[in-house]
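Visitor: Below are the sequence and a predicted model for it; my questions follow.
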Amino acid sequence: MTGNIKSNSINVLVVDDSAFMRRVISDILSSDSSINVIDTAKNGGEAIEKIGALKPDVVTMDIEMPVMDGLSCLKEVLKTSYVPVIMLSSLTRQGAEATIQALEYGAVDFITKPTNIFDMKGEDKKLELIDKIKIVGKTKRSRRETNRIAHLIKPPVAVNTSRPKEGIVKSNEIKNIVAIGTSTGGPKALQSVIPLVPGDIPAAFLIVQHMPPGFTKSLAERLNGMSELTVKEAEDGDVVQPGHAYIAPGDYHMLLDKGSNEIKIKLSKTPPVGGHRPAVNVMMESLSQTGLTNIVGVIMTGMGGDGSEGVKKLKNINKAHIIAQDEKTCVVYGMPKVAVQTGAVDVVVPLQEITNEIMKIVGVHK
């Protein structure tokens, strides 16, 4: 199939080795009048040719395909041009690891394939796919050059390249809590922040990244391998320690419980807030109730407005220092924009300056 390119629509190329999935995805997207499926491809090699010829606004890309898989195709495409790619991933350990790799290479987001592929036609999955295409497509059309620049920003060299993690002496005292919220574009953005933090910092990091179950574990393992910080997927009852970063697990809210001598993480299955579980607002609002001071709140790239209520409470109750990522380096300037509109943000900086800004407040310079 080859459709006409429409200047007033989001033109999409659908890439999948399954004829059934190509048809289902095309039908879902075509049901929205603002989206135009211009063509499909059955493998990465065919996709590269059609991307070059048709110049779509957005590409949906299956990860597992014959001839050339989605990861290999993604790398080749982004060598020569910027086009937003949304990956389709299976709900498996291998699928999660490949998805984290794809996001690291430059994919802007991903959709999980249901275990039963016929569930792809379900209303929730339809809305998720259409919403992500529209957000990414509109952003791309209006900000093609700035998105290209954001894609080209490479994560800085991690601080742990010169000494092994096991040789790092962790601080005995938590002097600061750094609470980070992010969504679309977050996995890659976190690689430009967390690996630059020294492992002996007297601070703990709490991270909410909007992701389904399983994917947050793969993200934590990837960041842990790049960092002096000990990065882990948070578990219920974890005692928060300096030199550690805790990522809220998919489908669980992350709360904080402050005792007389320690801070513990509590995981909760209470209903989603703003459509999210984990939600940045839930984590930050829980942190605001601990009475702790010396808190740094950070809102990074992502669609929507999750985190805006949280940073307001951290600012008003805890006098926290609030940092937001700037528009130019965001994949989607949604969450930081809404946070800035609250008036609670102290400083707006490019992605590559966020770690330096955190270190200024925490008071450790390396």
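Guide: Thanks, I have the structure now. Numbers count the residues shown, from 1 in each chain.
Visitor: who's in contact with Gly181?
Guide: 207-208, 280, 283-284, 297-300, 302, 306-307, 310, 335 (Cβ atoms under 8 Å, 6 or more residues apart in numbering). No exception for glycine: its C-beta is placed from N, CA and C like everyone else's.
Visitor: wait, I meant Ala204
Guide: 174, 176-178, 240-246, 263.
Visitor: can you tell me which of those residues are in strands?
Guide: Among the contacts of Ala204, the members found in strands (DSSP state E) are 176-178, 244-246, 263.
Visitor: still on that earlier bit, which of the contacts of Ala204 lies closest to Ile86?
Guide: Among these, Ala245 lies closest to Ile86 (Cβ to Cβ), at 26.7 Å.
Visitor: Could you verify my assumption that the closest one touches Ile194?
Guide: Yes - contact criterion Cβ atoms under 8 Å: Ala245 and Ile194 qualify, at 6.0 Å.
Visitor: Quickly list what's touching both of the two.
Guide: Listed as contacting both Ala245 and Ile194 by Cβ under 8 Å, 6+ apart are 205, 207, 223, 227, 229, 231.
Visitor: Turn the residues you listed into a markdown table, columns for secondary structure.
Guide: Formatted as a markdown table, the shared contacts of Ala245 and Ile194 follow (DSSP: H, G, I helix; E, B strand; the rest coil):
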| residue | secondary structure |
| --- | --- |
| Phe205 | strand |
| Ile207 | strand |
| Leu223 | helix |
| Ser227 | coil |
| Leu229 | coil |
| Val231 | strand |
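Visitor: quick one: which of these is nearest Ser33?
Guide: Using Cβ to Cβ, those come closest to Ser33 at Ile207, 37.5 Å.
Visitor: on that earlier part again, in PyMOL, select just the buried ones from the contacts of Ala204.
Guide: Command for PyMOL that selects the buried part of those, burial taken from 16 or more other Cβ atoms under 10 Å:
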select buried, resi 174+176+177+178+240+242+243+244+245+246+263
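Visitor: Let me see the domain layout of this structure.
Guide: Split into domains by automatic domain parsing, the chain comes to 10-152, 160-362.
Visitor: Tell me the one of the shared contacts of Ala245 and Ile194 nearest His321?
Guide: Of those, the one sitting nearest to His321 (Cβ to Cβ) turns out to be Phe205, at 14.4 Å.
Visitor: The closest one against Pro195, yeah?
Guide: No - Phe205 is not in contact with Pro195 according to Cβ under 8 Å; the separation is 11.9 Å.
Visitor: the more surrounded of these two?
Guide: When neighbours are counted by other Cβ atoms under 10 Å, Phe205 and Pro195 differ, and Phe205 comes out ahead with 27 against 23.
Visitor: about what we covered before: possible to save the domains of the chain as TSV with mean pLDDT?
Guide: Below are the domains of the chain laid out as TSV (pLDDT from 0 to 100):
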stretch	mean pLDDT
domain 10-152	86
domain 160-362	94
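Visitor: how deep is Asn172 tucked in, by neighbour count?
Guide: For Asn172, the neighbour count with other Cβ under 10 Å is 9.
Visitor: Once you drop chain neighbours, what's closest to it?
Guide: Of all residues not flanking Asn172 in the chain, Pro242 sits nearest, at 7.3 Å (Cβ to Cβ, 6 or more residues apart in numbering).
Visitor: Need phi/psi at Ser288.
Guide: Main-chain torsions, Ser288, degrees, to the nearest 10: phi -70, psi -20.
Visitor: Look up how far Glu228 lies from it.
Guide: Going from Ser288 to Glu228 by Cβ to Cβ, to the nearest Å gives 28 Å.
Visitor: all strands of the stretch 51-200 of the chain, in order?
Guide: Using DSSP state E, counting those that start in this stretch, the strands of the stretch 51-200 of the chain run over 58-62, 85-90, 109-113, 176-182.
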